[in-house]
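Trainee: compute the structure for the input listed below.
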Amino acid sequence: MTHYKIYLAALVLGLQGCATSGMRPVPLQDYLQPYLGQSADQIQQNLNLRHLGFQTLKQPQRSKEQLIFTVLRPIQIPVPMAQSYGDLGSPMSGSVRLGSISTSQQSYDVNFYCHIIFELDRQQIARAIRYEGKAC
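Mentor: The predicted structure is shown next:
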């Protein structure tokens, strides 16, 4: 019986290893570092946040000092629903447990934003990157 458990555990771990891709996504900060030292025009032409799986809200905003990309992260939050359990005749009939059921009718959508801000110098060259928002 113990050999059966060992073989089963090895099989599960082996299948998990096959299902997991060897590539890890690059953290956003690491991906954006090569853009430092580039002009705002080059960054706007070359930076593709959708390629990384981010949903962008609109075109980047540009001023003399900053180039701002806005990333949207929609999240669906389930609303906890009270559910009663037990028979009506049992002493525990009034027990109520909170559970969450994830259907579109029992959840609400929240959009979190991340502003990726390239700080520009007088020549419109990116010198620093800042992040603002809950989705960063």
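Trainee: hmm, K64 and L120 touching each other?
Mentor: Yes: with contact defined as CB atoms under 8 Å, L120 counts as touching K64 (7.2 Å). Bear in mind the C-beta positions are built from the backbone N, C-alpha and C, glycine included.
Trainee: on the strand side of things, show who R62 bridges to.
Mentor: Here R62 shows beta-bridge partners L67, assigned using DSSP bridges.
Trainee: spell out the secondary structure type for N48.
Mentor: Using DSSP: H, G, I helix; E, B strand; the rest coil, the secondary structure recorded for N48 is coil.
Trainee: give me the number of residues near it?
Mentor: 9 (other CB atoms under 10 Å).
Trainee: quick one: it and P80, what's the gap?
Mentor: Counting by CB to CB, to the nearest Å, the gap from N48 to P80 is 39 Å.
Trainee: neighbour count: L120 and K64, which is higher?
Mentor: When neighbours are counted by other CB under 10 Å, L120 and K64 differ, and L120 comes out ahead with 20 against 9.
Trainee: and the more buried one, what is it in contact with?
Mentor: By CB atoms under 8 Å, 6 or more residues apart in numbering, the residues touching L120 are 40, 64-67, 126-127.
Trainee: rewinding a little: what do L120 and K64 both touch?
Mentor: With CB under 8 Å, 6+ apart applied, the contact sets of L120 and K64 do not overlap.
Trainee: filter the contacts of L120 down to the buried ones, ChimeraX style.
Mentor: The following ChimeraX line selects those of the contacts of L120 that are buried, judged by 16 or more other CB atoms under 10 Å:
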select :40,66,67,126
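Trainee: among the contacts of L120, name the ones in helices.
Mentor: If you go by DSSP state H, the contacts of L120 have A40 in helices.
Trainee: isn't L49 right next to F69, touching?
Mentor: Yes: the pair L49 and F69 passes the contact test of CB under 8 Å, sitting 6.3 Å apart.
Trainee: what do these two both touch?
Mentor: Residues touching both L49 and F69 (CB under 8 Å, 6+ apart): 56, 116.
Trainee: quick one: which of these two has more around it?
Mentor: Taking other CB under 10 Å, L49 and F69 do not tie; F69 has more neighbours (21 against 18).
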